[in-house]
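*Asks:* Quick one: sequence and predicted model below, then my questions.
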Amino acid sequence: MKKLMLVSAFNPVSRLLPRVEPELKAKTVAFIPTASKGSLYSPIMGLAKHALRRMDVSIYSLDIASASYGLIHDVIEASDIIYVGGGNSFLLLQEMRRSGADTIITEAVTNGKPYIGESAGAVVAGPDIGYIRDMDDAKAAPLLHDSRGLGLVDFRVVPHCHGPFLGRKAAKIARRYADASDLRTITNRQAVVVHGSKDITVSR
């Protein structure tokens, strides 16, 4: 059964993680910060790591832009939880495709390994990321030739709604796709929690 937690920012809602994985002590997390490279989002990854360490989990940072396919496979297979951080969704998807991490992650999550997706990590979990162009610059991923996502869920997440930095861009996307039934808009203090085919939006 698929188990996912899709968020705008992990630190403010980290206490909701037991809804996805009740037993956290001594668990290991494959922590993928690739989307934040060279962006203002990088310091937020430090907050996410701090929140995870407070839960007594071990973290293995895995930059899929530089790691080999074999290392990505081995780290994800050995880890109890997959964490995909925020930044540029297009860059993230490009590097997932280029490295083969997309298929490794999809197989692991389909087989029941919990997935935490923060911002870009939440966006790529859906069926398509083209809708996020008003928030993320597609030019950051020149080798990405289509916007098909991982398809871990059958809906699309719009993160950072009403947020201080990306709130206006999130609102623009929400208005543009107002008639779409598969859109989930979340604030920085909400999470979409998925168990199998069911998803609920939870506020901290």
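*Replies:* Thanks, I have it. Model, not experiment: these values are computed from the prediction. Numbering: from 1, shown residues only.

*Asks:* where's Ala29, which helix or strand?
*Replies:* Careful, residue 29 is Val; it's not Ala. strand 28-32 (DSSP states H and E).

*Asks:* Next: Glu77.
*Replies:* Applying DSSP H and E, one finds Glu77 within helix 69-78.

*Asks:* Please work out which residues outside the helix or strand of the chain with the lowest mean pLDDT touch it.
*Replies:* One helix or strand of the chain scores below all others by mean pLDDT, DSSP states H and E: helix 42-54, with a mean of 82. Contact with helix 42-54 is made by 9-11, 14, 29, 31, 33, 36, 59, 83, 85-87, 118, as judged by CB atoms under 8 Å, 6 or more residues apart in numbering. Where you see a C-beta, it was placed from the backbone N, CA and C, and this is true even at glycine.

*Asks:* now the angle from the strand holding Val29 to helix 69-78?
*Replies:* 140 degrees (axes from the mean of the first three to the mean of the last three CA atoms, to 10 degrees).

*Asks:* helices or strands up against strand 28-32?
*Replies:* helix 42-54, strand 58-61, helix 69-78, strand 81-84 (3 or more CB pairs under 8 Å, 6 or more residues apart in numbering; DSSP states H and E).

*Asks:* mind giving me CSV with those and columns for distance to Val123?
*Replies:* As requested, these are exported to CSV (distance: least, CB to CB, whole Å):
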stretch, distance to Val123
helix 42-54, 15
strand 58-61, 21
helix 69-78, 19
strand 81-84, 10
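
*Asks:* And the closest residue to Arg97 other than its chain neighbours, its phi and psi?
*Replies:* Nearest non-adjacent residue to Arg97, counting by CB to CB, 6 or more residues apart in numbering: Leu144, 6.9 Å away. The phi/psi pair for Leu144 (degrees, to the nearest 10) reads phi -90, psi 120.

*Asks:* And for Ser89?
*Replies:* phi -60, psi -40.
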